[in-house]
Every structure is written in structure tokens, then in C-alpha cells.
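A.B. asks: Mind looking at a prediction? Sequence and model below.
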Amino acid sequence: MEQEASYYATGKRKSAIAKTWLKPGTGQIIVNNRPVDDYFKIQSLKSIIAQPLVLTNTLGSYDIKVRVIGGGLSGQAGAIRHGITRVLLQVNPDLRLQLKRAGFVKRDSRVKERKKYGQKGARARFQFSKR
């Protein structure tokens, strides 16, 4: 019995972390033990997840299993995209230039700025009253 090649990578975005496994298959994407269509109802989030696969023409050739925790749906979709990109680079390092040009290789490091004391929010102040 021959063991199929399985690859693993971690993707991150905002406060979401996506643990991503990839193996040769039929193009099935499972997120938290649910099909991607059940987990993400919004079409734009599903297209974000598929971007690296569409770009590299590997949409139907790999089965992807993802365990994603933290953040909201948008951050989770970005984390999954980052994880899929990293795992594709393990499978075929020649795809790096293509994925890098699209901006998928680098982690999007933007996170919510913390609220400051004496202020309404991170940058918003309380309304100033002269009298």
C-alpha cells in the first residue's frame, strides 16, 4: 500500500489561523469538516479562497482540508487563501513567482488597532467642547 503525498501549511490573516492540508484529488475543499459552500455562504469569500488555485490552474487537481480558528469570515477566508498558497509552494516551488506577483505569498499583516485610553476608539476622540 503506497502512501499518498500530503502537504501541510499554516495561513494567517487578522486574528484567523488556517491549518491547511493538501493532497492529490478531485478539487474538493473542506473547511472545519464542512464543504466550502456550506461554511462560506458569500460568493466573494469563496472566490477569495479559490484565487491561488485559479491562478495556478490547479483548481480540480487537489483535495484541500482546512481547520480554521479565530477571526470573522473575511479574515478566515484570507487565512485560508494564505494557507493554500503556502501549501501550493511546497508542492511546486515553480509557482512562487506567479503567486508572488498576485500578492498571495506575503501574509497580510494588517490587524485591528487597539483602543486608546481617554479616547472613543483607536483614533476617534471624544467631541471637544470649549465651554
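C.D. replies: Arrived safely, thanks for sending. Numbering: from 1, shown residues only.
A.B. asks: Mind giving me the packing neighbours of the longest helix seen in the chain?
C.D. replies: For the chain, the helix with the greatest residue count under DSSP state H is helix 73-91. Helices and strands touching helix 73-91, as assessed by 3 or more CB pairs under 8 Å, 6 or more residues apart in numbering; DSSP states H and E, comprise strand 7-13, strand 16-24, helix 43-55, strand 62-69, helix 96-102. Backbone N, C-alpha and C define where each C-beta goes, glycine included.
A.B. asks: Count the neighbours of Phe126 for me.
C.D. replies: 9 (other CB atoms under 10 Å).
A.B. asks: Return the residues in contact with Leu89.
C.D. replies: Contacts for Leu89 (CB atoms under 8 Å, 6 or more residues apart in numbering) come out as 9, 95-96, 99, 105.
A.B. asks: again, 10 Å this time
C.D. replies: Counting by CB atoms under 10 Å, 6 or more residues apart in numbering, Leu89 touches 7, 9, 52, 56, 95-96, 99-100, 104-105.
A.B. asks: hmm, back to that, would you mind putting the helices and strands packed on helix 73-91 into CSV with distance to Lys115 and mean neighbour count alongside?
C.D. replies: Below are the helices and strands packed on helix 73-91 laid out as CSV (distance: least, CB to CB, whole Å; neighbours: other CB atoms under 10 Å):
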stretch, distance to Lys115, mean neighbour count
strand 7-13, 21, 19
strand 16-24, 21, 20
helix 43-55, 27, 17
strand 62-69, 24, 19
helix 96-102, 34, 14
